[in-house]
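Asks: the sequence and its predicted three-dimensional model are supplied below.
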Amino acid sequence: MFASTALGLLVFTTAFSKPTLAQTQDQAPDTPAARVLACAPCHGAQGQGTSDPYFPRLAGKPAGYLFNQLIAFRDGRRRYPPMNYLLEFQPDDSLKHMAEYFAEQRPPLPEQGVPTVSKEVLAHGETLVTQGAADRGIPACSSCHGVHFTGMDPGIPGLLGLRAKYISAQLGAWRYGTRTANAPDCMQLVAGHLTEEDVNAIAAYLSSRPAPQDPSPAKKGSYALPFACGSQPN
Ligand code: HEC
Ligand code: HEC
């Protein structure tokens, strides 16, 4: 963990700071791929993710969504110290370029996870994700994230290719208020109705879904959301 952080910071400095010395052959070329080298130890060169279950896949998520997350890390609305530190002084423009680079990548999705929970728990996860629980105020996750969970441009992320551990940590962060999005923060409203058991079941179900044929997010406005989200302009 510390080793990869140090490596990330080292490469990051080379890739992002204005060169004070004349350009030498050792310096990384200034291409979009070179500019995101600092991110590769944790997210993979194409944002495909790594074997660490807590480092999320970035590839193919809507650029608007990724940009919102980079702003949130830079401004401290989302917390993970190595990322808060890396992005601290980055101007909006450079965050936008990083978001666009990862949004365009299409590396294959990882092998689907093998659920480690019982059939009953998995079935409970499937019900919540595909139908919600109206009596408890929980909308179907697919009503916003799409029936194939590929998300929608510009602000709704796909939910495939993420490991159970990451998914439950994010839902937990919304429940406890350490992750927030633009108001109205619809994920905070949704996560607020979930119990610990719901979160585990949902994470197990989502992380064991097979890859869709086309992982690209749906076009903006291709379906109506059950209620408004601040990060998804109409
Ligand atoms: C030391 C490891 C590390 C490095 C280096 C790193 N990240 Fe991250 N990144 C993470 C972790 C862990 C998370 C999830 C944090 C959380 O929400 O708890 C994350 C989350 C993200 C997210 C949000 C993903 C989502 O689906 O919501 C984006 C976008 C992102 N990183 C982009 C970058 C970019 C761009 C760089 C390079 C400038 C970078 N990261 C460098 C570890 C890292
Ligand atoms: C009303 C629309 C809506 C509903 C319903 C909804 N989501 Fe979301 N979800 C969003 C939006 C918008 C975001 C992006 C928020 C942001 O910008 O951080 C998001 C983000 C997420 C993320 C973060 C992904 C990442 O890569 O970090 C997870 C996980 C998630 N939702 C899971 C769920 C689950 C599970 C359900 C069902 C219980 C659900 N969502 C229902 C709109 C919705």
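Replies: Good, I have the coordinates. Ligands and ions are numbered 1, 2, ... in the order given.

Asks: ok, and what's touching stretch 188-196?
Replies: 128, 136-139, 141, 171-172, 174-175, 177, 180-181, 199, 202, 227 (Cβ atoms under 8 Å, 6 or more residues apart in numbering). (Glycine included, C-beta is placed from N, CA and C.)

Asks: most surrounded residue in those residues?
Replies: Most neighbours among the contacts of stretch 188-196, by other Cβ atoms under 10 Å: I202, with 25 neighbours.

Asks: ok so, going back, so which of the contacts of stretch 188-196 also contact ligand 2?
Replies: By Cβ under 6 Å from any ligand atom, the members of the contacts of stretch 188-196 lying near ligand 2 are L128, I138, P139, C141, L171, A181, I202, F227.

Asks: could I get those in JSON lines, plus columns for pLDDT and secondary structure?
Replies: As requested, those are exported to JSON lines (pLDDT from 0 to 100; DSSP: H, G, I helix; E, B strand; the rest coil):
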{"residue": "L128", "pLDDT": "98", "secondary structure": "helix"}
{"residue": "I138", "pLDDT": "97", "secondary structure": "strand"}
{"residue": "P139", "pLDDT": "97", "secondary structure": "coil"}
{"residue": "C141", "pLDDT": "98", "secondary structure": "coil"}
{"residue": "L171", "pLDDT": "98", "secondary structure": "helix"}
{"residue": "A181", "pLDDT": "93", "secondary structure": "coil"}
{"residue": "I202", "pLDDT": "98", "secondary structure": "helix"}
{"residue": "F227", "pLDDT": "95", "secondary structure": "coil"}
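
Asks: let's have these in CSV, adding distance to F73.
Replies: Below are those laid out as CSV (distance: Cβ to Cβ, whole Å):
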residue, distance to F73
L128, 28
I138, 28
P139, 27
C141, 24
L171, 18
A181, 12
I202, 24
F227, 26
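
Asks: okay, among these, which ones form the most distant pair?
Replies: L128 and A181 (20.3 Å; Cβ to Cβ).

Asks: perfect, I'm done here.
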